[in-house]
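> quick one: sequence plus predicted model below, questions after.
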Amino acid sequence: MAEPRPSRKSKAAALAGLRNLSGRRQPPAAEIEEEPMNESTEVVHPDVESENDFEEPKMAPRSVRKRAGPGEGSTSSRRGRRGGARDSSRKKTQEEPESEGSLFEIVKSGKTALTTVIDDWIEAYKQDRDTALLDLIQFFIHCSGCKGRITPHMYHNMEHAEIIRKMTEEFDEESGDYPLIMSGPQWKKFKANFCDFISVLVRQCQYSIIYDQYMMDNVISLLTGLTDSQVRAFRHTSTLASMKLMTSLVDVALNLSIALDHTQRQYEAERTKSKGKQASERLEVLMEKRKETEENQEEIRHMLTYIFKGVFVHRYRDSQPEIRGICTNEIGVWMKRYPSMFLDDSYLKYIGWTLYDRVGDVRLCCVRCLQPLYDTEELAPKLELFTNRFKDRIVEMTLDKEYDVAVQAVRLVISILKYNDTVLTDKDCENVYELVYSSHRGVAQAAGEFLNAKLFSRELDDAMKNQKTKKGKKRSENTPFIRDLVLFFIESELHEHGAYLVDSLWEINDMLKDWECMTDLLLEEPGKGEEPLDDRLETSLIEIMVCCVKQAATGEYPVGRGTTSRKVTNKETRKWPKIKRSLRSTLL
């Protein structure tokens, strides 16, 4: 990999190296093989490239293995003029009181508008870029909980890898606390302010210094080096910063795409004018503007690829679940916002592998980031190969031991069903159907949504809509669905748990409150083309109706599902009189 933070005299060479790295061809989609569950408890670094998009990279040994950071282990990156820099700067890097006007203190307090802070920093950068960049680097070091101070001498004479080693030596790890995980009023909003700072920084720089081949090179180099640290605080903070930096760069890429389309339309409009009306100077300006925008767009894509390969592919399997969760959250954002680059099997495979993570919060991040993709009509078709490969795992997660994960997995299966109802097999559907009897109400209601989408949401033909009893009374349009519900209840063979089925569907489908439909099925003789209810069907319908009446009258959940002494909501209180009047008028 090219040296991320070159000396100030070799920026062109470094940028060329970055381009070479980001220009590496992605592996083609091919046969899909099973991958083992992620059981690593150490920081591991899988191979970036694999022959198959969904083939699991080889697992690293369980012993601690540290990948050489930027500039480490390379003779070309070790400067001969270090001399006594370490000894001469040791006293200067001891803990010092943090200035009230530092970027860290400003973000920590949250009292100053970040736009103003960033604008002031940009002006300072234009006046003296080294001093301003040193302030920014110091900001990331202090946000990690390290009190060490980087002196100008260190900044000018040491590579980033050496600076990081120096800060690591002075890091106080005894407490184990650092800003991102600290509690208390002063740290309550630190994480949000930290992420906003990075977002505003990129947004305010996107039309100027972001392309100067200096500021972003140095920031990316520092963060990449910190993410490889064995110090959790450095790794956690820099990974969050790197992922948020990528998200902000994705927004810049989108703005450039819009600008490029606008410029292209202007150019085409001018070019199609007649010879006498064409303005040659305007055409040249538009061509130059288009060329510049394309170059900027390519530059941003290089940065995105560099950060992804330098940070994400190592940290998505970090030993710390919060770091893995950060990576999973952000890649979902990139896929939604910038699908032309990220919604591809070579990126989707990382989400697929993380579905097997041993920590529930990380699995939860996975299913949550997938659902918006399936719910977006133009994006869902790009998930075809991913769906075929990981559908079984997603269905399996509906039985997850973590209820939050199970609920979201069921909702993801619903999204897959709506995207393509042929993907799920009968066995897949049956596995989800059974969850309507779950003791956990959230899981049961999610399964109720699936059951409703699969069985009770189809369009009825005219014959079904116009069914009549023997006496000529028009049947309710819910009649076919009530029949299906009774059959489902019988086939489930859980005849003592009708209350659980009713509760799962109660807030989802109003057919359970269609008393007239149910009483007509019991009392009215079937009309032409209708099948009469046998004793078993009638008994099951009566049981379901009794459960519905009880739910309407009391609002109580079945035993073992939810709290026994729950507080009735205002919405339920407003609905009950109407439901009871309807029930009374039907039965009496």
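Now that the structure is in, tell me what you want to look at. Numbering: from 1, shown residues only.
> just the C-alphas of the helix or strand hosting residue 163, formatted as CSV.
According to DSSP states H and E, residue 163 maps onto helix 160-169. What follows is helix 160-169 as a C-alpha-only set of coordinates in CSV (Å, rounded to 0.1, in the frame of the first residue of the first chain):
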residue,chain,number,x,y,z
HIS,A,160,2.1,9.9,11.4
ALA,A,161,3.0,6.3,12.5
GLU,A,162,5.8,7.7,14.8
ILE,A,163,3.5,10.3,16.2
ILE,A,164,0.9,7.7,17.0
ARG,A,165,3.5,5.5,18.7
LYS,A,166,4.5,8.5,20.7
MET,A,167,1.0,9.3,21.8
THR,A,168,0.4,5.6,22.6
GLU,A,169,3.4,5.6,25.0
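> from the contact counts, what lies against it?
Secondary-structure packing of helix 160-169 (3 or more C-beta pairs under 8 Å, 6 or more residues apart in numbering; DSSP states H and E): helix 152-157, helix 215-227, helix 232-271. The C-beta positions use only the backbone N, C-alpha and C, and glycine is treated the same way.
> for the helix or strand following that helix, which positions count as buried?
Past helix 160-169, further along toward the C-terminus, the next helix or strand under DSSP H and E is helix 190-205. Neighbour-count burial for helix 190-205 flags 190-191, 193-205 (criterion: 16 or more other C-beta atoms under 10 Å).
> by how many degrees do helix 190-205 and helix 215-227 diverge?
For helix 190-205 against helix 215-227, the angle between stretch directions is 150 degrees (axes from the mean of the first three to the mean of the last three C-alpha atoms, to 10 degrees).
> run the angle between helix 190-205 and helix 232-271 for me.
Computed with the same axes, to 10 degrees, the direction of helix 190-205 lies at 30 degrees from that of helix 232-271.
> low-confidence ranges, the stretch 201-350 of the chain, go.
Confidence mapping of the stretch 201-350 of the chain against pLDDT under 70 gives the ranges 274-278.
> same question but for the stretch 1-150 of the chain, I mixed them up
Scanning the stretch 1-150 of the chain residue by residue, the ranges that satisfy pLDDT under 70 are 1-100.
> one more pass at 90, please.
Scanning the stretch 1-150 of the chain with the threshold set as pLDDT under 90 gives 1-102, 109-112, 147-148.
> ok so, going back, list the buried ones in the helix holding residue 163?
Applying a neighbour-count criterion of 16+ other C-beta under 10 Å, the buried positions in helix 160-169 are 160, 161, 162, 163, 164, 165, 166, 167, 168.
> can you check stretch 248-259 too?
Of the residues in stretch 248-259, 248, 249, 250, 251, 252, 253, 255, 256, 259 count as buried by neighbour count, 16+ other C-beta under 10 Å.
> so how far is it off the chain centroid?
Centroid displacement of stretch 248-259 relative to its chain, using C-alpha atoms, centre = their mean, to the nearest Å, is 19 Å.
> list the contacts of the spatially closest residue to residue 419 that is not a sequence neighbour.
Spatially, and ignoring its direct neighbours in sequence, residue 419 is nearest to residue 380 (4.3 Å; C-beta to C-beta, 6 or more residues apart in numbering). With contacts taken as C-beta atoms under 8 Å, 6 or more residues apart in numbering, residue 380 has the following neighbours: 373, 374, 419, 420.
> so which of those residues comes closest to residue 408?
Proximity to residue 408 was ranked across the contacts of residue 380 by C-beta to C-beta; first place goes to residue 374, at 12.2 Å.
> contacts for the helix or strand containing that closest one?
Using DSSP H and E, the secondary-structure element containing residue 374 is helix 360-375. By C-beta under 8 Å, 6+ apart, the residues outside helix 360-375 that reach it are 321-322, 324-325, 328-329, 331-333, 335-336, 343, 351, 354-355, 357, 379-380, 383, 394, 397, 400-402, 404-405, 408-409, 411-412, 415-416, 418-419.
> filter these down to the buried ones, PyMOL style.
Entered in PyMOL, the line below selects the buried ones among those, by 16+ other C-beta under 10 Å:
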select buried, resi 321+322+324+325+328+329+331+332+333+335+336+343+351+354+355+357+379+380+383+394+397+400+404+405+408+409+411+412+415+416+419
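> spell out the secondary structure type for the residue of the chain most remote from its centre.
Residue farthest from the centre of the chain, counting by C-alpha atoms, centre = their mean, is residue 471 at 57.3 Å. Following DSSP: H, G, I helix; E, B strand; the rest coil, we place residue 471 in the coil state.
> thinking again about what came up before, now the residue nearest to residue 419: how far from residue 482?
Residue 380 sits 32 Å away from residue 482, taking C-beta to C-beta, to the nearest Å as the criterion.
> swap in residue 306?
Between residue 306 and residue 482 the distance is 60 Å, computed by C-beta to C-beta.
> again with residue 385
Applying C-beta to C-beta, the value for residue 385 to residue 482 is 40 Å.
> so for the two, which sits in the more crowded spot?
The neighbour comparison of residue 385 against residue 482 (other C-beta atoms under 10 Å) goes to residue 482, with 22 against 16.
> which non-adjacent residue is nearest the residue farthest from the centre of the chain?
Closest to residue 471 by C-beta to C-beta, 6+ apart is residue 524, at 6.8 Å.
> and the residue nearest to residue 148 when sequence neighbours are not counted, how close does it get to residue 164?
With sequence-adjacent residues excluded and distances taken as C-beta to C-beta, 6+ apart, residue 148 is closest to residue 170, at 4.1 Å. Residue 170 is 11 Å from residue 164, where distance means C-beta to C-beta.
> next one: residue 158
Residue 158 sits 10 Å away from residue 164, taking C-beta to C-beta as the criterion.
> before we move on, the earlier item: of the buried residues of stretch 248-259, which is the nearest to residue 297?
Of all the buried residues of stretch 248-259, residue 256 has the smallest distance to residue 297: 4.5 Å, by C-beta to C-beta.
> so which strand or helix has the closest residue to that closest one other than its chain neighbours?
In space, not counting the residues next to it along the chain, residue 256 is nearest to residue 297; the distance is 4.5 Å by C-beta to C-beta, 6+ apart. Using DSSP H and E, the secondary-structure element containing residue 297 is helix 280-307.
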